[in-house]
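Q: okay, sequence plus prediction incoming.
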Amino acid sequence: MKSRERSQQTSTMSRSRVQTIFYSTAALISLVGLAEATYLTVVFLSGETAVCGGSPDCFQVLGSSYAKIGGIPVSGLGALAYFSAFAFATFAGFGYAQARRFFAWTVIAMFCMTLWLLFVQAFRLHAFCRYCLFSAALIFLLTGLVIARPVAETEKN
Amino acid sequence: MRRYLPFIIVICVALLAVGSGIFFYRAKRSANTTPRISKSETAPSGESIHALGPEDAAVTLEEFGDFQCPPCGKLSEPINQLQKKYNLRVIFRQFPLPMHANAKEAAFASEAAARQGRFWQMHDLLYREQAVWSKSPDTRALFNAYAGMLQLDLGRFRKDMDSAEVQRQVEIDQQHGAAIGVKTTPTIFLNNEVVPPKQINPDELPAMVEAAMKKAKPSS
């Protein structure tokens, strides 16, 4: 009986550790995305051009009409989304159950938006911006984490 | 304490993001908003002149430039610095050389931007990004993107780039240059005196400007 309780305790502890590591990783990825999106928003607002290491594609993408939604820069919306993902991941890491659901929904919304932006770059603008591709990679990572999360939790159960 | 920790972390990150964004924005703005007295004047012939600095400046530097010419690109920033340092009057005139495939298009782009009061911003941008657009097979798309970056009215910009007035403006500058003997770029005049081509480089031009300043104001 005692050994069963002990094993249950150990299982709960390791599950909480896995969750902490999992959400800390998600928060860190979101933080990187937040920094990138903030940079792009500032560049956009100051009327500067993002330097893409000599590639003209950044100008084509970031200067296009798709870079704004109702006058608001897409990078600004991205910064807001990354901040939300960071906040939900932090709260989820600290054991707030509701935050896990919000985190998953935020990442799914970001994933859908990323698919649209990749489609625009590939088929409408015929140009890829490196910043956007980096951001897409971060969002794919976050999506991967969201998909892996229930598996990890079920395995532990 | 642990209960409040996520709130503290999230608030700190929010403050850091907003704070660094504002700091970065201000830094960029102060770098971009050079106190330029910039205007496009209209001469009696109907031509528009792109001038920076006061009309009564001691020294006027007039440049015949081609946006695709690498030495012109190298001189762009030093001339900006000299303008600020000596409060020069800087006049830019279009002189796209036929050997540069995209030079004329770039000249049209700068003239189209001038129609929305952003000639010098486009001038600086074209020189800064010269290596990129010079090799591009689709310069139009790039120039449109630059116009977007400068927050110009894109519809008007596209229309102006193709307009006969803009093309005429470039021709007027070219004809004016040819009439006074300009053959290559950059050609620079300091108070209407041509600067020898060998001295048109970022190292020797400041000394030339200083000499012109001394000549214009011998007492100071």
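A: Noted; the coordinates are in hand.
Q: and the residue nearest the centre of chain A, how far is that from A:Thr114?
A: The structure's chain A has its C-alpha centroid closest to A:Ile139; by C-alpha atoms, centre = their mean the separation is 4.2 Å. Look at A:Ile139 and A:Thr114: by C-beta to C-beta, to the nearest Å, they are 5 Å apart. To be clear about C-beta, it is placed using only N, CA and C from the backbone, and glycine gets the same treatment.
Q: for the residue nearest to the centre of chain A, give me its contacts.
A: Contact analysis of A:Ile139 by C-beta atoms under 8 Å, 6 or more residues apart in numbering or on different chains lists A:Gly33, A:Val107, A:Met110, A:Phe111, A:Thr114.
Q: ranges for the helices of the chain?
A: Looking at chain A here, since you left the chain open. Using DSSP state H, the helices of chain A run over residues A:2-45, A:57-62, A:74-93, A:97-119, A:130-156.
Q: my bad, chain B
A: Taking DSSP H, the helices of chain B run over residues B:5-32, B:70-86, B:103-114, B:119-128, B:130-134, B:139-149, B:154-161, B:164-179, B:205-216.
Q: any regions of chain A where pLDDT drops low?
A: Flagging of chain A using pLDDT under 70 yields the residue ranges A:1-15, A:47-56, A:59, A:150-157.
Q: report the closest residue of it relative to chain B.
A: A:Gly63 (3.1 Å; C-beta to the nearest C-beta).
Q: so that residue makes contact with B:Asn144?
A: Yes - counting by C-beta atoms under 8 Å, A:Gly63 sits close enough to B:Asn144 to count as a contact (7.0 Å).
Q: and these two? which has more neighbours close in?
A: Ranked by neighbour count (other C-beta atoms under 10 Å in any protein chain shown), A:Gly63 and B:Asn144 place A:Gly63 first, with 26 against 22.
Q: report the contact partners of the more buried one.
A: Residues near A:Gly63 by C-beta under 8 Å, 6+ apart: A:Thr49, B:Asn144, B:Ala145, B:Tyr146, B:Ala147, B:Gly148, B:Met149.
Q: tell me which two in the residues you listed are the farthest apart.
A: Largest separation among these by C-beta to C-beta: A:Thr49 and B:Asn144, giving 13.0 Å.
Q: so what's the residue most central in space within chain B up against?
A: Nearest to the mean C-alpha position of chain B, counting by C-alpha atoms, centre = their mean, stands B:His123 at 2.8 Å. Shown in contact with B:His123 (C-beta under 8 Å, 6+ apart): B:His50, B:Phe67, B:Ser76, B:Phe92, B:Ser110.
Q: so what pLDDT did it get?
A: The model reports B:His123 with a pLDDT of 95.
Q: from B:Phe189, how far off is it?
A: 18 Å.
Q: show me the shaky parts of chain B.
A: Applying pLDDT under 70 to chain B flags the ranges B:1, B:29-47, B:218-220.
Q: change it to 80
A: For chain B, residues meeting the criterion pLDDT under 80 lie at B:1-3, B:28-48, B:217-220.
Q: chain A contacts on that one?
A: Residues of chain B lying near chain A by C-beta under 8 Å from any C-beta of the partner chain: B:2, B:5-6, B:9-10, B:13-14, B:17, B:20-21, B:24-25, B:28-29, B:32, B:121, B:125, B:128-129, B:131-133, B:136, B:141-142, B:144-151, B:154.
Q: out of those residues, which end up buried?
A: With neighbours counted by 16 or more other C-beta atoms under 10 Å in any protein chain shown, the residues of chain B next to chain A contain buried members at B:6, B:9-10, B:13, B:17, B:21, B:24-25, B:28, B:121, B:125, B:129, B:132-133, B:136, B:141-142, B:144-150.
Q: domains of chain B?
A: For chain B, automatic domain parsing gives the domain ranges B:1-33, B:38-216.
Q: could I get those domains as a markdown table with distance to A:Phe102?
A: A markdown table is the format used below for the domains of chain B (distance: least, C-beta to C-beta, whole Å):
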| stretch | distance to A:Phe102 |
| --- | --- |
| domain B:1-33 | 13 |
| domain B:38-216 | 35 |
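Q: looking at the ones you listed, which is nearest to A:Leu118?
A: Short answer: domain B:38-216, nearest of these by C-beta to C-beta, at 18.7 Å.
Q: how close does the residue nearest to A:Val74 when sequence neighbours are not counted sit to B:Cys72?
A: Spatial nearest neighbour of A:Val74, chain neighbours left out: A:Ala67 (5.5 Å); criterion: C-beta to C-beta, 6 or more residues apart in numbering or on different chains. Per C-beta to C-beta, A:Ala67 is found 30 Å from B:Cys72.
Q: then B:Ile188?
A: Distance of B:Ile188 to B:Cys72, computed by C-beta to C-beta: 10 Å.
Q: same question, A:Leu77
A: Relative to B:Cys72, and taking C-beta to C-beta, A:Leu77 is found at 39 Å.
Q: burial of B:Gln175, as a residue count?
A: For B:Gln175, using other C-beta under 10 Å, the count is 10.
Q: burial count for A:Phe94?
A: When neighbours are counted by other C-beta under 10 Å, A:Phe94 registers 18.
Q: and if you look at the one 3 residues further on?
A: Taking other C-beta under 10 Å as the neighbour definition, A:Ala97 ends up with a count of 8.
Q: could you report the distance from it to A:Thr106?
A: Taking C-beta to C-beta, one finds A:Ala97 at 16 Å from A:Thr106.
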